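Peer 1: Build me a model:
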Amino acid sequence: MAFKTHKKEIFSYSSPQEMYQDNKLKKIMGPLDYQSAMLDSYMKNKDKKALALELPTGSGKTLVGLLIGEYRRRKNKEKVLFLCPTNQLVYQVVEQAKSKYGLKAIAFCGKQKNYLTKDKSSFLLADTIGVTTYSSFFAVHSFFEDVDVLIMDDVHSCEDYIISNWTVQIDKEDGLFWEMTELLKSLISETDYNYLIEDEYIPEVTTWCNMLPMPLLLNKMDELQAILQKGIKEGTANYYAFGRIYENLEECNIYLANGKILIRPWIAPTMTHRAFAEVKQKVLMSATLGRSGELERITGLENICRLPIVNDWDKKGLGRKFFVFPDLSLGEEQYGEIVISLQKLCKKSVFLVPDILSADEIKEFYINNLAQVQVFETQSVENSKQEFINADEATVILANRFDGVDFSDEESRLLFIWNLPKVTNLQERFLAIRMGASKLYSERIRTRIIQAVGRCSRNPSDYSIVCVMGDTIQNDLTKQKKMSQYPPELRAEIQFGLENSVEYETIDDMIVQAKDFFSKTEEWLNAEEYIVELRNGYWNEEDKVEQELNKKLYESAILELKFQYAIWKKDYKVAYDYACNIVATLDAPALSGYKCFWNYMTGCMAYYLFKKGESEYRIPSIEYYQDALNGNISIRWLSELPSKLFSLKREESDINDFFFDCIVRIEDIFTSIPTLPKLEKRINEVLEALNSTDGKTFERGHKELGIMLGYIAENPESSGAPDPYWIINENNLIVSEDKIYEEKDQIKDVPIAHVSEAGRHKTWILENEKRISDNANIYTIFITNSQGIEKEARIYATDIYYVQREEYFAWATKALTVIRSVWKTFTDKGQQEWREAIHQKFIQSKITPRDYLSFVSRKKLGDI
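Peer 2: Numbers count the residues shown, from 1 in each chain. The predicted structure follows:
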C-alpha cells in the first residue's frame, strides 16, 4: 500500500461568497443578493461570541449557515457542528449540502456507539461539517464535547429540544407516576388530584393543568429525591435529565396535567453545559429575532448580537398562499367533503394535526373516503420524502409539527391545518392559560404559525392553498389586532382569504376559486393585484404599544437569565434581587398575568431565604405572595401559601365571585366562534329555546346558556338523571328540574311527583359527578312557568329554589347581551388585562356566577 500524503490547503478566500463561487461541485448558483448581504453582515461581526441571523422560512438559511461553517472550517481548521431540531432535518440538511451546494457534511443520528469511526475522525480533524440534533449535542457525555463553531438552525422552534435535557417527565404509564401522586396528594386540592389521575375522557380534565408551589414541597424534598432516584430507569431520557437537576430540584417548577408530571427549570441553564459554554462562536439562525427576549429564554444565552433581515424580507413573503377558512361560513360537519374536494383537485397534500390520535383519525378518513390516495406519516418521510414525491396521489400527515419537512413546488400545492395547538409544553400552557400571561408567548406562537402556513410555499415562485380548520389558531389568523402583527405580505394574504371565505355558500364556491388560483385566470390576476395593494397599505404600519411591551419583556428576559443562573447556584439573595427587578420591569396592564407569576417567584426566593434563617425576608415573602394573588385570584393555591407557609390565619376573599372559575371556558367558547353572524346565530338559538313551550327544547337552551357563560354544563339522558346542571367549580354546582307546563286557561300547580323528582337530583349528583368535592354546595332549582305548588308537595320543597321561567328568560337575555358585547373585544386566550376588564362588565351587569346563585336562590319552591 502506498503512503498517503496530504498537502496543506492554501485558503486564500476573503469571504464565504468568494469561497462558494470557486466551488465546482455546486448545482445551485448563488448566494442570492439577500443571502450575500447577510453573509457580509456576519463577516463584519465574525468575532462575536454569539450572533443571531434573522432568516425567514424559505430564505435559504441552510446555505447561509453551511457557508459560514465551511468558511470557518477551511480557514481556521475549526470543528463546526450544525444543529437541527430533528433527525428528519439533519438528513435534509446533509442531503442539500451534498446534492445542491457541493459541500461536505456528515449526519450524526442515533446512538453514539453506532457512529462510524471514519465519520468521527473526519469531524474531529475538521475535514467536514458535522450535522446532528440539539438533543445529541446537549446530551450527557456527548461525543460533541469539543466544538469550535456551533451553527444552531431553527432556534425559534428548538426550546423543547434544549430544555428536555433538564426535564423529567413522568407519565401515567410509568409506575413512578403513582408514587409521585401519593407524595403530592396532601399538597394539592382534591380536584387537582382527581384530575391528575383520571382515566376517563372528560374535556375539562384533558385541558386542565396546574403548577405545584415548590415551597410546599421543601419539607419533603429528601423523599422526592429518593422516589425519583429509585424509580427512574437507568439509560432513559429521564435518567440523564434527573442527573442534571438532582441537586437543584427545589430550584425547578413542577407542572401537573392529566396523567402527567413535569419537573423543569424556568429556563434551560445551558451555560452549565461545558461543551456549550466553551464553544468559540454560536451562530443562531432563526425565522425571527423577536423583540421580547425569546432567543434568550430559549437558548439561555445573554449577549446575543442580532443581525436583522435584509432587503425588506420582513415585509415581502415567499411565494403565494391562498387561505381558505371554511369555519367562517361553512359548518364543521362539512370538513370531510371539503378535504375530499380539495384533495381530488390537488392530488398531493400535507396535513398538520395536533397529535397522534388526530393523525390516526385523518388516516382512517383517507382510507375510508380516498382509498386511491397514498397516506404517509412523519416516520415515512423522516429519512427521505422521495416515495411521497413519486406517488401520483398522496397526503403526508404530520402530528404536532409547526415546521419540519418542506414541500416545495409540485411536491404539494395543498396544506391542511387542523386544530394545531399554539402551546407545545406544560409550562407554556400554564403561563398562557392559567396565569393569563399569553403575551409572553405571542411572538413565539406567531412564529410557529408563520412556519406552519409556509410548509408548502418554499421559494418566490411557489404557491399553495392553505386550508385552516378548527379553532385553535383561528383567532390568531382572523382577529384584526392579531393580524396586524404579521408581516405585510402574509397579512394581506390572510385578509384576502378572510374576505372571500365569509362569502362561501357552498363548497363549490371554494373549489371554483381554488381552480382560478391554480390556473392563474383573469379573476386570480385581479386578486393578485388586490393582495399586493393590501400589502403595500400595511407596509409602514407600526404598533408603538406593542413595541413598548416587547421592550419590557426583553429587559425582563435578560434579568430572567441572571435569575436562572443565580438560583441554579443556590444564590437566593442575588436571585431575589433579580426577581424584584423583573417585577418592577413588568409594569404594564397587558403584562399583569406575567407579573403575577414573577410576584410568586419573588415570594418563593424570599421564603427560601427565610427558611435559611434570614428572618427579615418573612414580610417580603408574604407581600409578594399577596400581590400575586391580587393579580390572579383564579389560582387557588396562591391564597393558601401565606397560611400554609407562615401559619397565618387564612382570610377569605370578599371579591371571589367565581368569575375566574369560568373565564377560561368563556375564552374557549369565544375561540370557537369566529364571526359575529355565527355568534348571533348561537345566541338566537339559545333564546328561542328558552322561550319554547317544549320542555326538551327549553332544556337544550338551558344547557347552552350555561356553556356560553363559561360553566361546565351537562344535560344527562340516563334514567333518573336530572335536567341541566351547571358546575362553577369543585365546590359549587346548580342542578335543575325544568318543567314547562301546557298553558291552557290556567297553568297547573307543581305536583308532588315533580317536587319529589327534583329532590332526588342532589343524590344523583353526589353519586355520579366526579368533578366536584364530597362537601360541595349543591343548589337544586326548579325552573317553571307555574306560579303555584300543590299543598301536599310543600313539605318536600324546603331545599329547592323556585325560578319563574319569564324571569329566567329575562336574566338570560341580559347575560347574553353582555356576552355579545365582550366577544367583540376578544382577541386571544390568556390575556389577564382583558379578563379583568370583562370581570368588571360582569360585575356591573350582575351576571357573575355568584350573582347567578343569588338570582336563582331568591325564593324557595315551598314558599310560592
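
Peer 1: Three-state assignment for Ile747, please.
Peer 2: coil (DSSP: H, G, I helix; E, B strand; the rest coil).

Peer 1: how close does it get to Glu688?
Peer 2: To Glu688, Ile747 is 21 Å away according to C-beta to C-beta, to the nearest Å. C-beta here means a position set from N, CA and C on the backbone, and glycine is covered the same way.

Peer 1: These two: which has the busier surroundings?
Peer 2: Ile747 (16 against 11; other C-beta atoms under 10 Å).

Peer 1: Phi, psi for that one please.
Peer 2: Main-chain torsions, Ile747, degrees, to the nearest 10: phi -70, psi 130.

Peer 1: Skip ahead from the helix or strand harbouring Val735 and say which helix or strand is next.
Peer 2: Secondary structure from DSSP states H and E places Val735 in strand 732-739. Of the helices and strands lying after strand 732-739 in sequence (DSSP H and E), the nearest is helix 752-759.

Peer 1: hmm, who's touching that next one?
Peer 2: 722, 737, 739, 780, 782, 789-790, 792-793, 796-797, 799-800, 861 (C-beta atoms under 8 Å, 6 or more residues apart in numbering).

Peer 1: what packs against the helix or strand following that helix?
Peer 2: Note on helix 752-759: by DSSP H and E, the next helix or strand toward the C-terminus is helix 761-768. Helices and strands touching helix 761-768, as assessed by 3 or more C-beta pairs under 8 Å, 6 or more residues apart in numbering; DSSP states H and E, comprise strand 732-739, strand 777-784.

Peer 1: any idea how far Gln495 is from Val502?
Peer 2: Note on Val502: its distance to Gln495, by C-beta to C-beta, is 11 Å.

Peer 1: More neighbours: which of those two?
Peer 2: Gln495 (22 against 14).

Peer 1: Dump the contacts of helix 752-759 to TSV, plus neighbour count.
Peer 2: Listed next are the contacts of helix 752-759 as TSV, based on neighbours: other C-beta atoms under 10 Å:
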residue	neighbour count
Pro722	23
Glu737	22
Lys739	21
Thr780	24
Phe782	27
Ile789	24
Glu790	15
Glu792	10
Ala793	20
Tyr796	17
Ala797	25
Asp799	14
Ile800	23
Leu861	26
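
Peer 1: got JSON lines for these, with secondary structure and distance to Asn459 too?
Peer 2: Below are those laid out as JSON lines (DSSP: H, G, I helix; E, B strand; the rest coil; distance: C-beta to C-beta, whole Å):
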{"residue": "Pro722", "secondary structure": "coil", "distance to Asn459": "60"}
{"residue": "Glu737", "secondary structure": "strand", "distance to Asn459": "64"}
{"residue": "Lys739", "secondary structure": "strand", "distance to Asn459": "66"}
{"residue": "Thr780", "secondary structure": "strand", "distance to Asn459": "65"}
{"residue": "Phe782", "secondary structure": "strand", "distance to Asn459": "67"}
{"residue": "Ile789", "secondary structure": "strand", "distance to Asn459": "76"}
{"residue": "Glu790", "secondary structure": "coil", "distance to Asn459": "79"}
{"residue": "Glu792", "secondary structure": "helix", "distance to Asn459": "82"}
{"residue": "Ala793", "secondary structure": "helix", "distance to Asn459": "77"}
{"residue": "Tyr796", "secondary structure": "helix", "distance to Asn459": "76"}
{"residue": "Ala797", "secondary structure": "coil", "distance to Asn459": "74"}
{"residue": "Asp799", "secondary structure": "coil", "distance to Asn459": "71"}
{"residue": "Ile800", "secondary structure": "strand", "distance to Asn459": "69"}
{"residue": "Leu861", "secondary structure": "helix", "distance to Asn459": "71"}
